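Undergrad: How does the following fold in three dimensions:
(3 chains)
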Amino acid sequence: MGAFGHYLVSHFSTLRLEFWGLLVGGVANGLIYGMVAVGYTLVYGVLRLINFAHSEIVMTGGFTSYFVLRGVIGTSIPNGWATVGVLVVGMVAGGVSGAVMAMLVERVAYRPLRRRRAPQLAYLISAIGASYFLFNLAGKEFGRVLLSVPQPYINHPIFSIFGAPVQLYYLVIVIASVGMLILADQFVGRTRLGRGLRAVAQDSETASLMGVDVNRTIALTFALGGALGGIGGFLLGLGTGVVYTMGFVPALKAFTAAVLGGIGNLRGAMIGGILLGVVESLSIAFVQPAYIDVVAFGILVLVLLVRPTGILGERLGRAA
Amino acid sequence: MKLRFNKTVAAVASSALLLMAAPAVDVASASASGVPTYTIGYQGPLSGSYAYLGEYMYYGAMVAINNANAGTTFGKLPFKVKLAKFDDQGSSTLGPAQAQAAIQTPGLIAVVGPAFSGATEASEPYYSRAHVATVSPSATAAALAKGSKNNFMRVVAGDDVQGAADANFLVKTHGAKSLVVINNGSFYGAGLAAVVSKTAKSDGATVTNYTDPTTGSCGGTASTTEYAATATQIMAAHPAAVYFGGYYCGFGLLLGALSSAGYTGIIMSDDGSWSTGLFGDTTPPTAANGVYVSEAGGGNANLTGKLAAEFTKLSHQKAQGATYAAQAYDATNMIIKAALSIKRSPNIKVLRAQLINKLHQLTFHGVTGVIHFQGNGDLSRNSIVEFAQANATTKTFNVIGHS
Amino acid sequence: MRRLTESLRTPTGRRAITSIATMAVVALMTGPSGSATEPTAGPVGSYGERVSIFGLFAGPRWFLFLIFAAIMWGVWTLWLQRGTQLRSAASMALTVPKRGFALKPVRLVFYAALIAVGVVFPHVVTSQYWQSVMVEQIAVFVLLALGLNVVVGFAGLLDLGFVAFYAIGAYATAWVTGSLPTPAPFGVHLNPFFAIPVAIVLVMVAGILLGTPTLRLRGDYLAIVTLGFGEIITIFANNLYGITGGSYGSGGVTGKHGIPHFSINLGPIHYRWTLNPVPYYYLTLVFVIMFIVAFSLLEHSRVGRAWTAIREDEVAAESVGINPLKYKVMAFAIGAASAGFAGVVTAAQTIFIFPATFTLQVSINILALVIFGGMGSIAGVAVGAMVIQTASMYLLHTPPAGYQPADLYMYLGALLMVTMIFRPMGLIPSRRRRREITLAEAGEGHMNEVLTGENP
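TA: Predicted coordinates:
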């Protein structure tokens, strides 16, 4: 057995020891990726382009919920139903602000280009500009420092899975994100607005002839994706605090998740998110922490080269 | 061509207004009554993720300037001094540009700083070429002190002193036989961590090393997932103690991740973490309770009494725990004292060269101890390393002893 | 109330809202900054702080910016009503005369004059800060922008990891001069002049290696993959202590000396560059001119026309026998070459290099230069780079109240967005781009002209 064999044995034993703990952390992270990925997937579905400014919607949700929580609970730590109430308030703050910011981005950075039928490159550059503008503005306004979000609970292990403790924070993530993902899925699949959205995704010209207001539908798409992204920002902030650059890496991972699941495909985004979160988490047993982002990028490149349509396939126009 | 000129005009108009709105820069100063004005530069972070640390030093220097001008430190001065700030954000990329801006500033005789080791490394070639003395209050990377009668000096001990003391504190004082040493991938953190792991090994402890790059939350672009990952790896290694070489922001994230993972052993970090900023960057803040930090300052490293009051008035920060404010105060005074004994000259180059010589000759009794520089710019006294413990409730660090 | 909402829905009302919103944002951008202790200080101060301007105005900022909004609204409205003649006059002024320099001798004189200005410049600007800026921040970024222009402007590929090539060039220089922890090849420590071919070959190989698999991807995927590539290069530079020196960069704690300066030892001629920026300025000037000439020739060659064809309609280009992948990879490699050279200059001039110099922000900075100057326009990109870099270094040197160095990226982001919305062809548009954008807006394709080789 050479050095590499030794490497594998020692790291696999770490993996065996830590497997359930890593799995729990991976699923929780992955659900947040999935939620953010929905924003990419929805926008891609109707506009056929990647919203580079989505990371800043996550950041907006994080900061808004930070300020709201600071106002609501300050330094005190609520318990019982008050905790649930504060969490709901935080989610609403993150979701609403995310939706508003997403609509603003659509209005300012995309709509003028759409009117002009600009080439795809123009959208990408405009969105990158919007993203850089927004996060650096946030950095200027709120200081370029990490701000710890007031905690609505005392984080502690609630129960354990095969010996791996599950923190309250993870439970909050799972409940909030699974709930929101189901809601989004039902909304797109069942409601009239959702039907309009799918119609535009399938063929925007025909849809507009059939009486669907395309501009309104696109705004709605951004709002829906933005709301989920904003809530994702709130959940991220709850764990590690908020800072102006907080959106960048999670959004990049979320994009990877969206591609992994099949971009344009809502359920694919969720599955891609969980899968990426778990793979990334399990890779902790094998690589130095500094290289974890390299693993995520590696997965992205591999998927794009080998199966660019993702696991569930691009289901353009069939966003559900 | 279908350019939308209505919008173009709007853009042009708004940018013109923007230019109008930019406030005029204050250009007043210069000598009023035949008394020359010497400018002392401060190079360090005043914005960005490390603004906290940089502002402590800036205001520490400011206290020294105000007192010198008022005549309370050295009596009535035959010149006036003023402080010019050069914000390098602690970055080695911005460092050279700010160094050159400093060098080019009329009447600038010396610089307090650069504050961060990486920025110092990148800036020194320029300062050294222009013969501008730089007295750093905080650039501790061991490798910075080199050459002889050089323009680089510092009023703190190098990392070799602090790192060795920290390792001994963990291994000998607290009996930790297994250590995980993590650094944040910065010039400073990595250097310190290397010394800690070397000393701990020679003390007989087993050491595992990890690197976390500066994270997204601390101004870089890597993700916070890495701290969860680091915590998991630490739990797998179940060490008696964890040492973090880096700054408070990354340390705060690590503490949050360690607390989630349920780590209960000893945790220690360096002077980069000895900042009230730590409590704002740790989620939950209680995770910072009881962690150790150290500083190679020596003696009472804080501004006290009247100086502390002045510091608080300027900075709106408590002087207690304002890391390196006292060192910046001493560095500034050292420069002013040297300036007292140089010959007046209209030629700035002559002034600067004289100042470097004088700084190497002088001995000054500062608030951090006796300051006298060796040829390589390091302090000639043996520095004392101070240890403190964090209290998350009062958001303070309580000094518990020294090496 | 109802009348108010109705009047806001009219075009005039909408312009009022837009003016107020724009000025509200501008007030935030130019206002004071927040901090950890006071995270609300930014917005509160931006509107609440009292200002006075030359004694003409004294009052809170919100009121000042309300006045600005009113002015903006007034000018805008007036412009729409009376602006037809003004508009045509302005479009004349903003348009580069189509055949203005058609006469060869006139052109040559113009270029010679430009070069003369370039040569005299360091003798006019004698401040050391600005002389260094001319090399490190202007000349180097002109080179980088010229390189990215080949990729984005000529071939229409969005590369967000361009900084990686810059980094590879710089690290290659440190490597062959023996300034990295990893030993120099064959143990020979070369002068940076010899690093130029090594760096350029290395970045071109990196460009081909990255490009061959990824350039098949759609434009937006390519953007993300290149962004990832840039990040990975930084992560490796930061963490491979044994090879790159990690975060210490070259030298420093590793105990190595700095990267040597350029030097010439040819028979009786001995010359060594130093930290003095002026000789470096002339050296880079020569290379900038060389790259400009080479890229202009390339633009008007068969390769340049193939790039245009691919950019405009890949399928059509393929159908007439152009291999898109081959030409895209070529664009990647050629664009990377000038970035590699920029890396050599940076490494040799600044002595130490650090991973922190090669971040995503730099990629975005370069992109902003290209977009602002005019995608595909060599003159535009060069001028754009000079304008923006000068402005940003001026702001760093003499910051107005409330400005922090990191605010630069806020302005660059806004600039990218505003350029794309209001003037997508940039400051000095390339003729081809202008036509493409106009035609795209009219919804027409026009491959024939391009493919028949006509130089429009």
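Undergrad: what's the distance between the one residue in chain B that gets nearest to chain C and residue B:121?
TA: Of all residues in chain B, residue B:47 sits closest to chain C, at 3.7 Å by C-beta to the nearest C-beta. (C-beta placed from N, C-alpha, C; glycine too.) Going from residue B:47 to residue B:121 by C-beta to C-beta, to the nearest Å gives 21 Å.
Undergrad: Looking only at neighbour counts, state which of these two leads.
TA: Using other C-beta atoms under 10 Å in any protein chain shown, the more surrounded residue of residue B:47 and residue B:121 is residue B:121, with 27 against 24.
Undergrad: Pretty sure the more buried one sits against residue B:144.
TA: Yes: between residue B:121 and residue B:144 there is a contact under C-beta atoms under 8 Å: 6.5 Å.
Undergrad: ranges for the helices of chain A?
TA: Using DSSP state H, the helices of chain A run over A:3-47, A:54-72, A:81-105, A:111-115, A:120-142, A:168-190, A:192-202, A:204-209, A:214-240, A:248-261, A:266-282, A:292-306.
Undergrad: The fifth one vs helix A:248-261, what angle?
TA: Comparing the axes of helix A:120-142 and helix A:248-261 via axes from the mean of the first three to the mean of the last three C-alpha atoms, to 10 degrees yields an angle of 150 degrees.
Undergrad: now check helix A:120-142, is it near chain B?
TA: No: if you take C-beta under 8 Å from any C-beta of the partner chain as the test, helix A:120-142 misses chain B, and the best it gets is 8.6 Å.
Undergrad: who's in contact with the residue nearest to the residue of chain B closest to chain C when sequence neighbours are not counted?
TA: Distances taken as C-beta to C-beta, 6 or more residues apart in numbering or on different chains put residue C:404 closest to residue B:47, at 3.7 Å, once the chain neighbours are dropped. Residue C:404 makes contact with A:140, B:46-48, B:87, C:33, according to C-beta atoms under 8 Å, 6 or more residues apart in numbering or on different chains.
Undergrad: Looking at those residues, spot the one nearest residue A:35.
TA: Using C-beta to C-beta, residue A:140 is the member of the contacts of residue C:404 that lies nearest residue A:35, at 27.6 Å.
Undergrad: Can you give me the pLDDT of the nearest residue to that closest one once chain neighbours are set aside?
TA: Counting by C-beta to C-beta, 6+ apart, the nearest residue to residue A:140 once its immediate chain neighbours are dropped is residue C:33, at 5.0 Å. Residue C:33 is assigned 86 on the pLDDT scale.
Undergrad: How is residue C:33 assigned, secondary-structure-wise?
TA: Secondary structure assignment for residue C:33 (DSSP: H, G, I helix; E, B strand; the rest coil): coil.
Undergrad: where does the chain have low pLDDT?
TA: I went with chain A, as the question did not name one. When residues are selected by pLDDT under 70, those of chain A lie in A:1-3, A:314-320.
Undergrad: meant chain B, my bad for not saying
TA: When residues are selected by pLDDT under 70, those of chain B lie in B:1-33, B:49, B:213-224, B:297-301.
Undergrad: is chain A contacted by the top helix by length along it?
TA: Longest helix in chain B, counting residues (DSSP H): helix B:51-70. Yes: using C-beta under 8 Å from any C-beta, helix B:51-70 reaches chain A at B:51-52.
Undergrad: packing partners for that helix?
TA: Helix B:51-70 is packed against strand B:37-44, strand B:80-87, helix B:305-315, helix B:325-340, with contacts defined by 3 or more C-beta pairs under 8 Å, 6 or more residues apart in numbering or on different chains; DSSP states H and E.
Undergrad: Would you mind listing what in the stretch 351-456 of chain C touches chain A?
TA: Applying C-beta under 8 Å from any C-beta, we find that the stretch 351-456 of chain C lies next to chain A at C:364, C:367-368, C:371, C:404, C:406-407, C:409-410, C:412-421, C:424, C:436-437, C:440-441, C:443.
Undergrad: now the strands for the stretch 201-350 of chain C?
TA: Shown for the stretch 201-350 of chain C, the strands assigned by DSSP state E, counting those that start in this stretch span residues C:263-266, C:269-272.
Undergrad: contacts for the first one?
TA: By C-beta under 8 Å, 6+ apart, the residues outside strand C:263-266 that reach it are C:191, C:193, C:270-273.
Undergrad: Would you pull up the residue in chain C closest to chain B?
TA: In chain C, the residue that lies nearest chain B is residue C:404 (3.7 Å; C-beta to the nearest C-beta).
Undergrad: Now that residue: phi and psi?
TA: Phi and psi for residue C:404, reported as degrees, to the nearest 10, are phi -120, psi 150.
Undergrad: just to revisit the earlier point, quick one: buried residues of the longest helix of chain B?
TA: Across helix B:51-70, burial judged by 16 or more other C-beta atoms under 10 Å in any protein chain shown covers B:51-69.
Undergrad: And stretch A:295-304, by the same measure?
TA: For stretch A:295-304, by 16+ other C-beta under 10 Å, it's A:295-297, A:299-301, A:303-304.
Undergrad: got it, and stretch B:307-317?
TA: Of all the residues in stretch B:307-317, those buried under the rule 16+ other C-beta under 10 Å are B:307-308, B:310-312, B:315, B:317.
Undergrad: ok so, going back, can you put the contacts of residue C:404 in JSON lines and add distance to residue C:158?
TA: Conversion of those to JSON lines gives the following (distance: C-beta to C-beta, whole Å):
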{"residue": "A:140", "distance to residue C:158": "27"}
{"residue": "B:46", "distance to residue C:158": "35"}
{"residue": "B:47", "distance to residue C:158": "30"}
{"residue": "B:48", "distance to residue C:158": "28"}
{"residue": "B:87", "distance to residue C:158": "32"}
{"residue": "C:33", "distance to residue C:158": "31"}
